[in-house]
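*Asks:* Turn this into a structure:
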Amino acid sequence: MLLTPDYILDFGANKGYSLAEVYKYLPSYIEWLIEYTGWFEINPSQFEALPKSILFYSPTKIKTQSGKEIEISPQKIHRGSIKAIMKSDSKDLKEINYKFSEKFLNILKQKLNGEYKVPHYDPPKIIGRIKG
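*Replies:* Residues are numbered from 1 along each chain as shown. Model (predicted):
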């Protein structure tokens, strides 16, 4: 069964949120579900037709050696619920034209054909934290 953007998650940190909300604020979670769950199938065009996704980022201005000021905008790493992103200051949010990569489109095609084998997921290991 293909899940629609209106589907409400009933598990995990984003329990109670629709897939449309998750896609808007944390599309990487949709990608994770595509890759690491055998049952999660969507029609990507339904999601890509939704309003633009939001990138959670932190703009920083730095000066080069020549004195020129440039802005860098590293994406903030966010794990867990989209609730924190939804409550973020608008200066930390930026609209993006998010599209699923070929990797995830191919996984979805393989799932439809019953050819996809879900890989083992090893959570990232945190070695240390940067103090700042």
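*Asks:* alpha carbons only for contacts and neighbour counts from here, please
*Replies:* Fine.
*Asks:* Tell me which stretches of this structure form helices.
*Replies:* With DSSP state H as the criterion, the chain has helices at 19-25, 27-36, 44-48, 83-86, 102-112.
*Asks:* Would you mind putting these into CSV with mean pLDDT alongside?
*Replies:* Formatted as CSV, those follow (pLDDT from 0 to 100):
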stretch, mean pLDDT
helix 19-25, 93
helix 27-36, 93
helix 44-48, 96
helix 83-86, 77
helix 102-112, 97
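*Asks:* Kindly compare burial across the ones you listed and name the winner.
*Replies:* helix 19-25 (a mean of 22; mean count of other C-alpha atoms under 10 Å).
*Asks:* in this protein, what spans have low per-residue confidence?
*Replies:* For the chain, the stretches with pLDDT under 70 are 56-62, 70-80, 126-132.
*Asks:* do you know which of the helices of the chain lies nearest Lys68?
*Replies:* Lys68 sits nearest to helix 83-86 of all these, at 31.5 Å, using C-alpha to C-alpha.
*Asks:* pull the CA atoms of that closest one into PDB?
*Replies:* Extracted C-alpha coordinates of helix 83-86, given in PDB (Å, rounded to 0.1, in the frame of the first residue of the first chain):
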ATOM      1  CA  LYS A  83       8.800  19.700  16.800                       C
ATOM      2  CA  ALA A  84      12.100  21.500  17.600                       C
ATOM      3  CA  ILE A  85      12.500  22.600  14.000                       C
ATOM      4  CA  MET A  86       8.900  23.800  13.800                       C
END
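*Asks:* if we can go back for a sec, and the helices of the chain: which comes nearest Tyr7?
*Replies:* Closest approach to Tyr7 among the helices of the chain (C-alpha to C-alpha): helix 19-25, 5.8 Å.
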